[in-house]
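> pasting the sequence and the predicted coordinates here, then a few questions.
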Amino acid sequence: MILRKIFPRILAAILFTAFVATAGADNSAERLFFNAKVFTAEPEHPYAEAVLIRGDKIIAVGNFTEVSQLAAANAEKIDLHGKTLLPGLIDSHIHAIDGGISLNSAEVEDSILTVSDLAAFVAQTKKSAKGMRGDILDIGGLPLATWSKTDELNAQFSAGAYANQPVFLEGMDGHTGWANRALRLRAGVTKDFVSHLSIADRKYFGVAADMEPNGFAVDQGLDKIAAVLPDYSREDYLAGARSAVRYLHSLGITSWLDPRVDKPILTAYRDLSDRGELTAHVAALPEVKLKKDNRADPLLEVHALINEFKNVRGLTIPGIKVFADGVVEFPSQSAAMSAPYKNTGLYGDLLFDPAQFAKLVIEADREGLLVHVHAIGDKAVTEALNGIEAARKANGNSGIPHTITHLQFVFPSDFPRFKALGVISAFQLFWATAEADSVELTKPYIDPEVYKWMYPARSILDAGGIISGASDWNVSTPNVFQAIYQAETRKGPEGVLNVGESMPREAMLFAYTRNSAIAMRQLDKLGTIAPGKQADLVLVDRDVLTVSPDDLRDTKVLWTIEDGAVVYEADAKP
């Protein structure tokens, strides 16, 4: 771990070139923040002690003496009393509005460990009506170990008080779920339906030996069940957007990349922006599904969305999202692997034809769109890199920061390809922990040579790759400091998950600032504390570069500023 005793060494030489306001700038009052431990995320001069802002822009950064000389006579001087000042934090893969809706809905808590615990929670949720979605009781955030208990689930939720009450339990991974008998009948997931599926399609549903569905579903199977859920209203989406923005600001997050958006989600961002409440910078990516035998241009709908939402303040649509595979944990096992799952002999699902995917990336890259790929299995990662390599060869190096996210398993020969191809690795390193999901539900079923490379962030970093920070919220917490703790220690209730992949503290701070701004295609204005950048700043209550990992995990945000305006404050006020 790299822990640098940095601040006593600040010199005037690290003073940045002052940004002088030019025509068109406003005359907003200036604020000078001083007596701070500033992490700028600028590689050439990452540390400072004073920051001057005017309106929504940063004017100068460096030591107090020289920065103060650039301040106007009436500038407000704010003593930060040695606290640490960071750039606004950025999450490079987060389903923000979905997460906001989850805050307003019924989500299980960590204390719910058994079906009996779940039964009590569901009963209370039904009574309060918080989990009701139309007439369906919808509960989110279920741990993946729940899906090995389908007999218990059916005994509890397909009989008695729930015999005629549709119940939907959503997995915390966003790929899995369970429907009780009443909901299965409504969705048409019956013994007859499953019996007539091909073997390839049947694997998306949990079934007993007699072909009776047990309620479990993954990926395409989950889509069939979700199709009968009532749509959220425009007001629901707007309320979710409000909740998300408020919550993320409390964690110091001022910008994010939201993958897999559709028109309702984009409309929610626009509605929030129209009300002056989108106090964040959002890059949104529509999903493109590559369908076999479909000759239509897969980018047509994307361009239509870009055109419709092009003038929304705070929102950009810089590219597209593509799924390469599913998830790896038992019983899902839909991630595309280079070696077969031990219990089935199957390799998981590559969700696109490689040639068709390469064609899509070439065209998107040519049109100036970034491609952001969900890839869990090592086979999926390889094929995603192959498609991006095809685009680099066809178009030359466009400099567009194509990204692969999740990266649970990566084949070692692919480590250097990230740097060579200019591909960003958007890791969710909060998941890099030795726990049931990564051990009991994964290790027994995966080739040992593949398993040992789980979440290989340090290997890709050492090979010169760019690591961006991401949460996949609402799959897991968007708390950046908890994620950095996990990336550094890789500790869990069952030990340490491959300690050789532990990430340096400083590298993780770059991951959640500068590198995530690159992934959003907004490094020109976000991600660092530098003259000319947007005044997105976060004050935290401890020195996050030098405290112990345990202390880091408990870091509190004191205030958050976005575009020069205070959007969250706890005990300290700028």
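Nice, I can see it. Numbers count the residues shown, from 1 in each chain.

> only C-alpha atoms, please: export stretch 303-314 in CSV.
Provided in CSV are the C-alpha atoms of stretch 303-314 (Å, rounded to 0.1, in the frame of the first residue of the first chain):
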residue,chain,number,x,y,z
HIS,A,303,-29.2,8.8,-32.1
ALA,A,304,-32.9,9.5,-31.7
LEU,A,305,-32.4,9.7,-27.9
ILE,A,306,-29.3,11.8,-28.2
ASN,A,307,-31.3,14.3,-30.4
GLU,A,308,-34.3,14.3,-28.1
PHE,A,309,-32.2,15.0,-24.9
LYS,A,310,-29.3,17.0,-26.3
ASN,A,311,-30.1,20.3,-24.5
VAL,A,312,-30.6,19.0,-21.0
ARG,A,313,-28.4,20.9,-18.5
GLY,A,314,-26.2,18.5,-16.6
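
> okay, buried residues for that stretch please.
Within stretch 303-314, the residues that count as buried by 16 or more other Cβ atoms under 10 Å are 305, 306, 309, 312, 314. For every residue, glycine as well, the C-beta is placed using N, CA and C.

> the nearest residue to the last one once chain neighbours are set aside: what's it in contact with?
To tie it back to what came earlier, the one meant is residue 314. Distance criterion Cβ to Cβ, 6 or more residues apart in numbering; nearest residue to residue 314, sequence neighbours excluded, is residue 278 at 4.1 Å. Going by Cβ atoms under 8 Å, 6 or more residues apart in numbering, residue 278 touches 241, 245, 269, 272, 312, 313, 314, 315.

> gap between the residue of the chain most remote from its centre and residue 30?
Within the chain, residue 73 marks the point farthest from the mean C-alpha position, 42.9 Å out by Cα atoms, centre = their mean. As judged by Cβ to Cβ, to the nearest Å, residue 73 and residue 30 stand 10 Å apart.

> again with residue 75
Distance from residue 75 to residue 30, counting by Cβ to Cβ: 4 Å.

> what touches both of the two?
residue 52.

> circling back: export the buried residues of stretch 303-314 to CSV and append columns for distance to residue 449 and secondary structure.
Listed next are the buried residues of stretch 303-314 as CSV, based on distance: Cβ to Cβ, whole Å; DSSP: H, G, I helix; E, B strand; the rest coil:
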residue, distance to residue 449, secondary structure
305, 42, helix
306, 43, helix
309, 45, coil
312, 47, coil
314, 45, coil
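
> what is the burial count for residue 394?
Burial of residue 394 is recorded as 14 neighbouring residues (other Cβ atoms under 10 Å).

> I'd say it and residue 362 touch.
Yes. Counting by Cβ atoms under 8 Å, residue 394 does reach residue 362; the two are 4.7 Å apart.

> quick one: the helices in the stretch 151-300 of the chain?
All helices of the stretch 151-300 of the chain, identified by DSSP state H, counting those that start in this stretch, fall at 181-187, 191-195, 199-202, 220-226, 234-250, 263-274, 300-308.

> so what's residue 162 up against?
Residue 162 makes contact with 137, 156, 180, 182, according to Cβ under 8 Å, 6+ apart.

> ok, it to residue 377 distance?
Residue 162 sits 36 Å away from residue 377, going by Cβ to Cβ.

> ditto for residue 183
Residue 183 sits 30 Å away from residue 377, going by Cβ to Cβ.

> in the stretch 351-500 of the chain, which spans are strands?
370-375, 403-406, 424-427, 466-469, 491-492, 495-496 (DSSP state E, counting those that start in this stretch).

> just the CA trace of the top strand by length along the chain, in PDB.
The residue-count maximum for a strand in the chain (DSSP state E) belongs to strand 253-261. Provided in PDB are the C-alpha atoms of strand 253-261 (Å, rounded to 0.1, in the frame of the first residue of the first chain):
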ATOM      1  CA  ILE A 253     -20.500  12.200  -5.400                       C
ATOM      2  CA  THR A 254     -21.100  15.100  -7.900                       C
ATOM      3  CA  SER A 255     -20.900  13.200 -11.200                       C
ATOM      4  CA  TRP A 256     -21.700   9.800 -12.500                       C
ATOM      5  CA  LEU A 257     -22.100   7.500 -15.500                       C
ATOM      6  CA  ASP A 258     -25.500   5.900 -15.700                       C
ATOM      7  CA  PRO A 259     -25.500   2.900 -18.000                       C
ATOM      8  CA  ARG A 260     -28.600   1.200 -19.400                       C
ATOM      9  CA  VAL A 261     -30.900   4.200 -19.500                       C
END
